[in-house]
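Trainee: Sequence and computational prediction follow.
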Amino acid sequence: MSQALTLARPYARAAYAIAREAGAAAAWSDALAFAARVAAESRVHALLGHPQLGRDDAVTLLAPDDAPAAFCDFLALLADNRRLPLLTEIAGLYEELRADAERIVKAKVTSATALPAAELDTIKAALKRRFGREVEVETSVDASLIGGAVIDAGDVVIDGSLRSKLARLQSALAH
């Protein structure tokens, strides 16, 4: 995995530089996300490493219909360098670069039950104060948390779930 990220990093940086220069960062995000989803499909992934897959066929397969011409050229370059299997990693790194440049923190809030909008707004405001950046929140529900929530914002994880509190209490009582 780390080797794939190492190989993908320069391509993600180049893609972001091209997209930023063209003022098309959002269009490239969409196109890369599409290409990464297609590339991750098991039958397509097996094809990507095949020596007989031509660059034009690869571009036709992976590029969305409305993709910028520069994006198609980028896919052709990946095909020429046999790096198409790295599209998932490239797309992820691209999104990290874009979020960092746009000063956005992406946070995932997992709660025991669906959170009301007001509570999500409170969490979002608190994260904005903590990071000094705009915050995009993705939510999910995991009933095994029993109560509370777990907030994962990059390098910071805040576990306020009842499950983890019970585990800490059990550990303290066992010693």
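Mentor: Everything's here; your move. Numbers count the residues shown, from 1 in each chain.
Trainee: Check the offset of stretch 107-124 from the chain's centre.
Mentor: 20 Å (CA atoms, centre = their mean, to the nearest Å).
Trainee: Any idea how far apart the tips of that stretch sit?
Mentor: Counting by CA to CA, to the nearest Å, you get 9 Å between the two ends of stretch 107-124.
Trainee: Could you give me the buried positions within it?
Mentor: Ala107, Val109, Thr110, Ser111, Ala112, Leu115, Leu120, Ile123, Lys124 (16 or more other CB atoms under 10 Å). Backbone N, C-alpha and C define where each C-beta goes, glycine included.
Trainee: As TSV, those with pLDDT, secondary structure and distance to Arg133 would be great.
Mentor: Output for the buried residues of stretch 107-124, formatted as TSV (pLDDT from 0 to 100; DSSP: H, G, I helix; E, B strand; the rest coil; distance: CB to CB, whole Å):
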residue	pLDDT	secondary structure	distance to Arg133
Ala107	90	strand	10
Val109	93	strand	16
Thr110	94	strand	21
Ser111	92	strand	22
Ala112	90	coil	27
Leu115	92	coil	21
Leu120	92	helix	17
Ile123	91	helix	14
Lys124	92	helix	11
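Trainee: Pick out the most distant pair among these.
Mentor: Ala112 and Lys124 (18.8 Å; CB to CB).
Trainee: hmm, back to that, just name the closest of the buried residues of stretch 107-124 to Gln170, please.
Mentor: Using CB to CB, those come closest to Gln170 at Ala112, 18.3 Å.
Trainee: Just to check, that closest one is in contact with Ala149?
Mentor: Yes: in this structure, Ala112 is within contact of Ala149 by CB atoms under 8 Å, at 7.3 Å.
Trainee: Find the residues that touch each one of these two.
Mentor: Ser161 (CB atoms under 8 Å, 6 or more residues apart in numbering).
Trainee: Kindly report the domain assignment for this structure.
Mentor: Annotated domains of the chain cover 2-100, 103-174 [automatic domain parsing].
Trainee: Kindly compare burial across those and name the winner.
Mentor: Comparing those by mean neighbour count (mean count of other CB atoms under 10 Å), domain 2-100 ranks first with a mean of 17.
Trainee: can you give me the end-to-end distance of that domain?
Mentor: 21 Å.
Trainee: can you list the weak-confidence ranges in the protein?
Mentor: 1 (pLDDT under 70).
Trainee: May I have the phi/psi pair for Glu21?
Mentor: phi -60, psi -40 (degrees, to the nearest 10).
Trainee: How much space separates it from Ala12?
Mentor: Distance of Glu21 to Ala12, given as CB to CB, to the nearest Å: 15 Å.
Trainee: can you pull out the helices in this protein?
Mentor: 2-22, 25-40, 42-48, 55-62, 69-80, 87-101, 117-131, 162-174 (DSSP state H).
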